[in-house]
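# Let's see this in three dimensions:
(one chain, ligands or ions: 1)
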Amino acid sequence: MSEKNRGAVIKKMGELLRSGAVMLDQACPLCGTPLFKLKSGEIVCPVHGTVRVVRSESEAISVTTSAVLDELEKFIAQRIFQILSRIKTLEDIEVSDVDLLNRLLDSLERIRRIKKL
Ligand SMILES: [Zn+2]
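Below is the predicted model of the structure:
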């Protein structure tokens, strides 16, 4: 976490405490930051906002895995977009670009299939 992000998180924690939220002894499964319980009973992470509190290790793993898959999906979609933008400015499409696009699309398809499991 960068200095700037850490500052923002600490500021957010301060705001939560001032609003009457209570710091819990549980940490966010995604980032490890302490969780807070709002007056409404909602559990929030200062970084991620509302989080689902997990009760077992396997549940924690599945929450983390789905966050990783989301990130990966976003990354691949961005790469495909970058390649398409570059190809559009060229006269000919390189075989290597087509190969790469195919592989990225395969990965994207695989991620979406895993997410449905
Ligand atoms: Zn978090």
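
# Check this structure for its longest helix and report it.
helix 57-88 (DSSP state H).

# Which strands or helices does it pack on?
Contacting helix 57-88 under the criterion 3 or more CB pairs under 8 Å, 6 or more residues apart in numbering; DSSP states H and E are the following elements: helix 95-116. For glycine as for every other residue, the C-beta is placed from the backbone atoms N, C-alpha and C.

# Can you list the buried residues in the helix it packs on?
101, 104, 107-108, 111 (16 or more other CB atoms under 10 Å).

# That one packs against which elements?
Helices and strands touching helix 95-116, by 3+ CB pairs under 8 Å, 6+ apart, are helix 57-88.

# quick one: buried residues of the helix it packs on?
Across helix 57-88, burial judged by 16+ other CB under 10 Å covers 63, 73, 76, 80.

# Between the residues you listed, which sits nearest the ion?
Nearest to the ion among these is residue 63, at 10.5 Å by CB to the ion.

# My guess is that closest one contacts residue 31. True?
No - using CB atoms under 8 Å, residue 63 is not in contact with residue 31; the gap is 11.6 Å.

# residue ranges with poor pLDDT in this structure?
The chain contains residues with pLDDT under 70 at 1, 52-57.

# Residue 74 and the ion: what is the separation?
Computed as CB to the ion, to the nearest Å, the residue 74 to the ion distance reads 17 Å.

# how far away is that residue from residue 105?
In this view, residue 74 and residue 105 are 15 Å apart by CB to CB, to the nearest Å.

# how far does stretch 25-41 stretch from start to finish?
Stretch 25-41 has its terminal residues 15 Å apart, counting by CA to CA, to the nearest Å.

# Buried residues, it. List them.
28-30, 33, 35-37.

# Tell me the residues of the protein that contact the ion?
Proximity of the chain to the ion, by CB under 5 Å from the ion, involves residues 28, 30-31, 45, 47-48.

# Residue 92: how many residues sit nearby?
7 (other CB atoms under 10 Å).
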